[in-house]
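Colleague: build me a model:
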Amino acid sequence: MAQSIETMPIANWSVVEASTQGANVLPNEVIRFTIPQELGYVDFHTSYLQLELQVTNANYKMALNGNCGAEVLIDSLRIYLDSGEILEEITAYNQLCEILVDYGKNYEERHFKGVLNNQAGNSRYDPGLFGDGAVSMTGANKVVKVCIPLSASGFFSNRQVAPLILLGNVTVEVKLAEATRCLKVHMPGNVFEANSGLGSEIACRNQYTTEATTAAVGQTFVTLRPPYCSFNGIADCPIVAGMQFKLCSIAVGGTPPIVAMRDITCTSLSLDDNGRIRVNFAATNFTGGGATQKKLVIGTGTDGVQAVATTTSYQVTRADLILQQVQPPAQYTQGLIAQAGGQGYEMDIETFVNYKANLSATVPTQTLEIPCFNSRCRSVITCLRPSTQTVDWGGGAPLDGTAALGDLNNNLFNWEGLYENLQQ
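Modeller: Model prediction:
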């Protein structure tokens with residue numbers, strides 16, 4: 001039996017459109033792309049943004065903050081034509097992505113997305129913006145490539161092929177967010193444990209265990225005992241050459257007596273014959289001890305300072321739009337041109353619009369009117385968040401054997417909020 005097919009097979013291929021800025025775009029700066037009319041037709045639904053970025057001036061390995069992955073890097077998105085007509089403009093794009101991830105995606109969807117754009121998705125391992133720190137922080141701060149599908153954009157999620165032959169040139173502007181809102185320290189704790197006799201997962205995520213360390217004279221290394229519960233190997237190990245640490249014996253919830261009474265500087269990381277990570281340092285005479293001294297406590301960053309460097313930032317070294325160009329049959333183009341010349345051509349874009357309102361009774365504010373009727377609004381989602389936030393990576397308590405570093409991510413920008421669906 002013959003069956004009609006509603007879809008139309010068309011030729012398609014990928015093209016790369018580079019940004020007009022070139023390399024080394026910094027936070028709060030704009031990345032601009034001009035998509036030329038000569039491309040004809042583009043399927044933006046299968047197109048995406050590709051960034052190569054690098055953390056700069058850091059004394060700890062850094063990872064992405066929030067749950068939406070690399071989309072946290074985008075502060076705002078603006079798409080417009082040569083005529084000046086704005087097709088889409090989304091402010092606080094990263095906050096919108098956090099809402100969509102937390103409010104509208106399940107656990108499996110988060111992990112699937114994490115493969116593409118470096119999203120944590122509440123996984124056991126933090127996706128980081130770093131490389132191998134076995135030799136220095138310079139090696140750890142390598143260029144990392146992330147792919148962002150721009151799924152929160154109505155223009156880029158529209159399944160209808162965009163006819164650039166009618167629209168003309170399309171300009172896409174992406175403003176990068178501040179570093180303090182995007183980054184966090186890649187360190188689940190500063191005292192780490194990962195031995196073969198695993199206790200609870202919480203205990204294992206916060207400590208490293210080394211092989212037995214006796215009161216040796218002139219010892220030059222300690223070996224971390226796998227399996228590693230907060231990282232996989234040297235490449236994503238939070239320890240970096242140049243950091244200072246101490247050795248101690250610590251029970252979960254107990255007070256750690258220090259074995260090495262002075263800071264030890266890690267000179268490098270290596271693997272022994274069994275594939276275990278070896279933390280190397282200059283010859284050191286340990287005091288106190290016995291075979292129970294098995295914990296390695298990170299004390300400072302690579303600059304000898306506990307606090308995260310205030311100069312820590314990032315830069316985008318390359319930015320590209322990977323566009324899916326399509327070529328429909330000639331009769332489709334002829335029909336489209338005839339339609340545009342007669343009744344005109346309409347492109348319906350379902351997009352998000354963010355509004356910011358102050359709910360504090362002590363701050364005077366005007367009534368915010370949302371154009372639900374004219375814009376054919378389908379739903380309104382409110383996100384209640386603190387009006388001001390102290391954004392600081394923090395430094396932690398002094399390394400006195402009882403508190404160690406404390407929390408290096410003391411005052412991260414909090415993307416979470418209280419969400420409520422008001423109207424469907």
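
Colleague: tell me the bridge partners for the residue lying closest to N409 once chain neighbours are set aside.
Modeller: In this structure, N409 finds its nearest non-sequential neighbour in K184, 4.9 Å apart by Cβ to Cβ, 6 or more residues apart in numbering. Every residue, glycine included, has its C-beta placed from N, CA and C. K184 has these beta-bridge partners by DSSP bridges: A63.

Colleague: I239: neighbour count?
Modeller: Burial of I239 is recorded as 22 neighbouring residues (other Cβ atoms under 10 Å).

Colleague: Three-state assignment for it, please.
Modeller: The local conformation at I239, judged by DSSP: H, G, I helix; E, B strand; the rest coil, is coil.

Colleague: for this structure, name the helix or strand with the lowest mean pLDDT.
Modeller: Lowest by mean pLDDT, DSSP states H and E among the helices and strands of the chain is helix 201-205, with a mean of 26.

Colleague: where does N280 sit, in terms of helix or strand?
Modeller: For N280, the element it lies in under DSSP states H and E is strand 277-284.

Colleague: for the residue nearest to N409, give me its contacts.
Modeller: Neighbouring residues of K184 by Cβ atoms under 8 Å, 6 or more residues apart in numbering: M62, A63, L64, N65, W393, N409, L412.

Colleague: for the fourth one, report the pLDDT, please.
Modeller: Predicted confidence (pLDDT) at N65: the value is 88.

Colleague: which stretches of the stretch 101-250 of the chain have low pLDDT?
Modeller: Of all residues in the stretch 101-250 of the chain, those with pLDDT under 70 make up the ranges 105-127, 187-217, 229-230, 248-250.

Colleague: strands of that one, start to end?
Modeller: Counting by DSSP state E, counting those that start in this stretch, one finds strands in the stretch 101-250 of the chain at the ranges 144-148, 162-163, 170-176, 183-185, 191-192, 208-213, 219-223, 244-248.

Colleague: got the buried residues for the third one?
Modeller: Within strand 170-176, the residues that count as buried by 16 or more other Cβ atoms under 10 Å are V170, V172, V174, K175, L176.

Colleague: and the last one, bridged to which residues?
Modeller: Translated: L176. I74.

Colleague: and D320, what element?
Modeller: Assigned by DSSP H and E, D320 belongs to strand 313-327.

Colleague: so that strand versus strand 144-148, what angle?
Modeller: 50 degrees (axes from the mean of the first three to the mean of the last three Cα atoms, to 10 degrees).

Colleague: could you identify the helix or strand that succeeds strand 313-327?
Modeller: Downstream of strand 313-327, the next assigned helix or strand under DSSP H and E is helix 330-341.

Colleague: mean confidence for that next one?
Modeller: Rounded mean pLDDT across helix 330-341 is 81.

Colleague: summarise which helices and strands the helix or strand following it is packed against.
Modeller: Scanning forward in sequence from helix 330-341 by DSSP H and E, the next helix or strand is strand 380-384. Strand 380-384 sits against helix 93-104, strand 418-423, with contacts defined as 3 or more Cβ pairs under 8 Å, 6 or more residues apart in numbering; DSSP states H and E.

Colleague: tell me the strands beside strand 380-384, with direction?
Modeller: Here strand 380-384 has these sheet partners by DSSP bridges: strand 418-423 (antiparallel).

Colleague: residues touching the residue nearest to G131 when sequence neighbours are not counted, list them.
Modeller: Of all residues not flanking G131 in the chain, K142 sits nearest, at 3.4 Å (Cβ to Cβ, 6+ apart). Shown in contact with K142 (Cβ under 8 Å, 6+ apart): Q54, F130, G131, D132.

Colleague: got TSV for the residues you listed, with neighbour count and distance to E346 too?
Modeller: Shown next, in TSV, are the contacts of K142 (neighbours: other Cβ atoms under 10 Å; distance: Cβ to Cβ, whole Å):
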residue	neighbour count	distance to E346
Q54	18	43
F130	25	47
G131	18	48
D132	17	53
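
Colleague: need the max-distance pair from those.
Modeller: Farthest-apart pair in the contacts of K142 is Q54 and D132; separation 14.3 Å (Cβ to Cβ).

Colleague: any idea how far R78 lies from Y314?
Modeller: According to Cβ to Cβ, to the nearest Å, R78 stands 21 Å off from Y314.

Colleague: which of the two has more residues huddled nearby?
Modeller: More crowded of R78 and Y314, by other Cβ under 10 Å: Y314, with 25 against 18.

Colleague: quick check, the more buried one in contact with Q54.
Modeller: Yes. Y314 is within contact range of Q54, at 6.5 Å (criterion: Cβ atoms under 8 Å).

Colleague: ok, the contacts of K142 vs R159, which is closest?
Modeller: R159 lies nearest to Q54 out of the contacts of K142, by Cβ to Cβ, at 34.4 Å.

Colleague: tell me the secondary structure at that closest one.
Modeller: Going by three-state DSSP, the secondary structure assigned to Q54 is strand.

Colleague: what residues are bridge-paired with it?
Modeller: Q54 has the following beta-bridge partners by DSSP bridges: Q315.

Colleague: quick one, grab the pLDDT at it.
Modeller: pLDDT for Q54: 94.

Colleague: ok, the spatially closest residue to A92 that is not a sequence neighbour - how many residues close by?
Modeller: Nearest non-adjacent residue to A92, counting by Cβ to Cβ, 6+ apart: N354, 4.9 Å away. Residues near N354, counting by other Cβ under 10 Å, number 14.

Colleague: report the contact partners of N354.
Modeller: Residues counted as contacts of N354 (Cβ under 8 Å, 6+ apart) are I90, T91, A92, Q95, L96.

Colleague: my understanding was that the first one contacts L77; is that so?
Modeller: Yes. Under the criterion of Cβ under 8 Å, I90 lies in contact with L77, with a separation of 4.7 Å.

Colleague: now for those two: what residues contact both?
Modeller: Common neighbours of I90 and L77 (Cβ under 8 Å, 6+ apart) are S153.

Colleague: which non-adjacent residue is nearest A319?
Modeller: Excluding the flanking residues, the one nearest A319 by Cβ to Cβ, 6+ apart is S19, at 4.2 Å.

Colleague: count of neighbours near the one you found?
Modeller: S19 has 22 neighbouring residues, counting by other Cβ under 10 Å.

Colleague: before we move on, what about L296?
Modeller: A count of nearby residues for L296, using other Cβ under 10 Å, gives 26.

Colleague: which SS state does it fall under?
Modeller: strand.

Colleague: that one bridge partners, please.
Modeller: Under DSSP bridges, the beta-bridge partners of L296 are F192, L247.
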